[in-house]
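>>> need the 3D shape of this:
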Amino acid sequence: MSAVSTVIDTVKRYFISGVLVVVPVILTFIVLRFLFQAVDGILETYLHDILGYYRTGLGVLTITLLILLFGVLTRNWIGRRIYRAGDRLLVRMPIIRPIYSAAKQLLEAVTTTTEGGSFKEIGLVEYPRKGAYQICFVSRRLELNVGGERRRFISVFVPSTPTPVSGMVVIVPADEVVLLDMTVEDGIKFLVSGGVASPALLNEKVTHA
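Presented below is the predicted three-dimensional model:
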């Protein structure tokens, strides 16, 4: 191997090592900046009207303080009573009910660790065409009455990449969902990384009847 080839190969290895360090940091920064700007702009108009001025980051700070305040309030007896009353009111309002209930259930599924409150299984469904597969979170198992015959289906949440908090819900025949021996955390890593953070071998989950 010539000296030029040796230098080129050395530079290439160093460059790839640098990419593996820098690119994840850049992608993390881009995602966090997008979330920061989106959240920061929610209260921008209202804070400007109230204070007469606005500074970048003031919206994020205000929302963070409001979230902490509501968290503190709902931890005591009076706050829980008020929250439950407000919750019951929102779930009874015709237009607001489906949006509020869906958002609440999705957040609970992603953030809670109770048996009934979170995604417990990862699977594969054929999407967007036959022979191609998409990672999905198993929401629940259900039965569908078709022509007098009860058939087993699975409701799955098919997330988008690289932001798995958005996506769509699909009801799929139970025998068309391949359950994976993978944790929800590993599934999220797989999606956020664009499939890079994935084991070389995906194993089907063994279920016991």
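>>> please count neighbours and contacts with C-alpha atoms only from this point.
Noted.
>>> in this structure, what helix or strand scores lowest on average pLDDT?
helix 96-111 (a mean of 66; mean pLDDT, DSSP states H and E).
>>> and whatever helix or strand comes next after it, what does it pack onto?
Proceeding N to C from helix 96-111, the next assigned helix or strand is strand 121-126, under DSSP states H and E. Applying 3 or more C-alpha pairs under 8 Å, 6 or more residues apart in numbering; DSSP states H and E, we find strand 121-126 packed against strand 133-146, strand 178-180, helix 184-192.
>>> now do the buried residues in strand 121-126.
Glu121, Ile122, Gly123, Leu124, Val125 (16 or more other C-alpha atoms under 10 Å).
>>> what's the answer for stretch 71-89, then?
Of the residues in stretch 71-89, those buried (16+ other C-alpha under 10 Å) are Thr74.
>>> repeat for stretch 33-51
Neighbour-count burial for stretch 33-51 flags Val39, Asp40, Glu44, Leu47 (criterion: 16+ other C-alpha under 10 Å).
>>> over to stretch 135-145?
For stretch 135-145, by 16+ other C-alpha under 10 Å, it's Ile135, Cys136, Phe137, Val138, Ser139.
>>> same question for stretch 146-154.
So for stretch 146-154, counting by 16+ other C-alpha under 10 Å, buried means Phe153, Ile154.
>>> what's the spacing between that stretch and its chain's center?
30 Å (C-alpha atoms, centre = their mean, to the nearest Å).
>>> now swap in stretch 32-41 and tell me
Relative to its parent chain, stretch 32-41 has a centroid offset of 17 Å by C-alpha atoms, centre = their mean.
>>> stretch 166-186 now?
With C-alpha atoms, centre = their mean, you get 14 Å for stretch 166-186.
>>> what helix or strand does the closest residue to Phe190 other than its chain neighbours sit in?
Spatially, and ignoring its direct neighbours in sequence, Phe190 is nearest to Ala197 (5.1 Å; C-alpha to C-alpha, 6 or more residues apart in numbering). Of the helices and strands defined by DSSP H and E, none includes Ala197.
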